[in-house]
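1. Turn this into a structure:
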Amino acid sequence: MPERVEKKLLEEEKTYEIEQLMKEKRSEEYEVLEEVFDRSTLMIIYDFMNSGVIDRIYGVVKAGKEARVYWGKDKGGRELAIKIYLTVSAEFRKGMLKYIEGDHRFKGVKRDTRSLIFAWAQKEFKNLEQAIAARVKVPKPIAVRNNVLIMEFIGKNGVSAPSLKEQPPEDAERVYRTLISYLKRLYQKADLVHGDISEYNIMMWKGRPVLFDMSQAVPTSHPLATFLLNRDIANLNRFFSRLGVEVLSADEIYRVITGGSA
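-> Below is the predicted model:
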């Protein structure tokens, strides 16, 4: 049998297997996945299910233009956040480039859309790993392949923890100080600048702030690092000053985080 024909038959067989497995696990959710994602993405999900990383996939907990996050569980019942990056618009592709270019961890990445999406998912995975090593509270990364990223689910029973925007903290001053310490650890121990800090991407869970959406974080050596850090500081001060917190000056926070001057 010619190799090309054999390969095609194997692909068709595997496609049939994923269809049966996904339908067995959660038929209505499979139909949603099938409508949104291409075959290669479905195959990755199948492989994660076949290897036991994912046992079940339930509903969407967050849907955006760039990605969808599904709630799932592994075989042990641990809750998962399954983030699947979509085919992106030209505008978002351009936005990706400014964070990837200048990042020494991603030299040589091709500029086609698929390669950029895969690099973006890998970038978020690596950023989460570095943040955890620096003792910054973020979702624990579990696995990544191509455009599929699997993380710890922050919340319970499929209900995500609230963002600061949705539910301002009771002890705002304590949370403000904690977040400054997070940015300091990111900078000094993880060699990262978050780059997109705001009340929209900080959750409160078990009394502590949790940073998420880490894909855009860049190394401190990145050409945009100083600009992004100053923007993060400004966003923190803007939000917490509205809650009545007596915020520090931007220069003082910069010095605390970097150990130097603005």
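2. Pull the distance from the helix or strand harbouring I253 to the chain's centre.
-> Using DSSP states H and E, I253 maps to helix 250-258. In this view, helix 250-258 has its centroid 26 Å away from the chain centroid, taken as CA atoms, centre = their mean, to the nearest Å.
3. List the buried residues of that helix.
-> Buried residues in helix 250-258, counted by 16 or more other CB atoms under 10 Å: I253, Y254, I257, T258. From N, CA and C alone the C-beta is placed, and that goes for glycine too.
4. tell me what it is packed against?
-> helix 172-188, helix 225-242 (3 or more CB pairs under 8 Å, 6 or more residues apart in numbering; DSSP states H and E).
5. can you map out the strands along the chain?
-> 56-63, 67-73, 79-85, 141-145, 148-152, 155-156, 159-160, 192-193, 202-205, 208-211, 218-219 (DSSP state E).
6. Strand partners (parallel or antiparallel) of the first one?
-> Based on DSSP bridges, the strands next to strand 56-63 in the sheet, each with its direction, are strand 67-73 (antiparallel).
7. List the contacts of K123.
-> The contact partners of K123, taken as CB atoms under 8 Å, 6 or more residues apart in numbering, are Y99, I100, D103, R105, F106, S215, A217.
8. ok, R145 - contacts?
-> I44, D47, F48.
9. now swap in R111 and tell me
-> By CB under 8 Å, 6+ apart, R111 lies in contact with L97.
10. From E101, how far off is it?
-> R111 sits 9 Å away from E101, going by CB to CB, to the nearest Å.
11. Sketch out the low-pLDDT regions of the chain for me.
-> 1-36, 87-93, 260-262 (pLDDT under 70).
12. Okay, domains of it per the record?
-> Dividing the chain into domains by automatic domain parsing, as the record does, gives the ranges 3-156, 161-258.
13. hmm, back to that, would you show me how to pick out the buried ones of the contacts of R145 in ChimeraX?
-> Buried residues among those (16+ other CB under 10 Å), as a ChimeraX selection:
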select :44,48
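14. Now render the contacts of R145 as TSV, adding distance to I142.
-> Converted to TSV, the contacts of R145 look like this (distance: CB to CB, whole Å):
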residue	distance to I142
I44	14
D47	14
F48	10
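15. ok, so of the contacts of R145, who is nearest S160?
-> Nearest to S160 among the contacts of R145 is F48, at 20.8 Å by CB to CB.
16. Might one say that the closest one is in contact with L149?
-> No. Contact between F48 and L149 fails when scored by CB atoms under 8 Å: they sit 10.7 Å apart.
17. on that earlier part again, can you tell me which of the helices and strands packed on helix 250-258 comes nearest to S115?
-> Here helix 225-242 is closest among these (CB to CB), at 23.3 Å.
18. Now tell me what touches that closest one from outside.
-> So helix 225-242 is contacted by 164, 172-173, 175-176, 179-180, 183, 187, 193-199, 218-219, 222, 247-248, 250, 253-254, 257-258, 262 (CB under 8 Å, 6+ apart).
19. Of the residues you listed, which count as buried by neighbour count?
-> Buried members of the contacts of helix 225-242, counted by 16+ other CB under 10 Å: 164, 172, 175-176, 179-180, 183, 187, 193-199, 218-219, 222, 247-248, 253-254, 257-258.
20. so who does L164 touch?
-> With contacts defined as CB under 8 Å, 6+ apart, L164 is in contact with V175, E199, Y200, I202, M203, M204, P209, F239.
21. surely the first one meets P169?
-> Yes. With contact taken as CB under 8 Å, V175 and P169 are classed as touching, separated by 4.3 Å.
22. For E170, grab phi and psi.
-> phi -70, psi -50 (degrees, to the nearest 10).
23. how near is it to A131?
-> For E170, the distance to A131 equals 25 Å [CB to CB].
24. If you count surrounding residues, which of these two has more?
-> A131 (25 against 9; other CB atoms under 10 Å).
25. got a list of what that one touches?
-> Taking CB under 8 Å, 6+ apart, one finds V138, L186, A190, L192, L211, M214, A217 in contact with A131.
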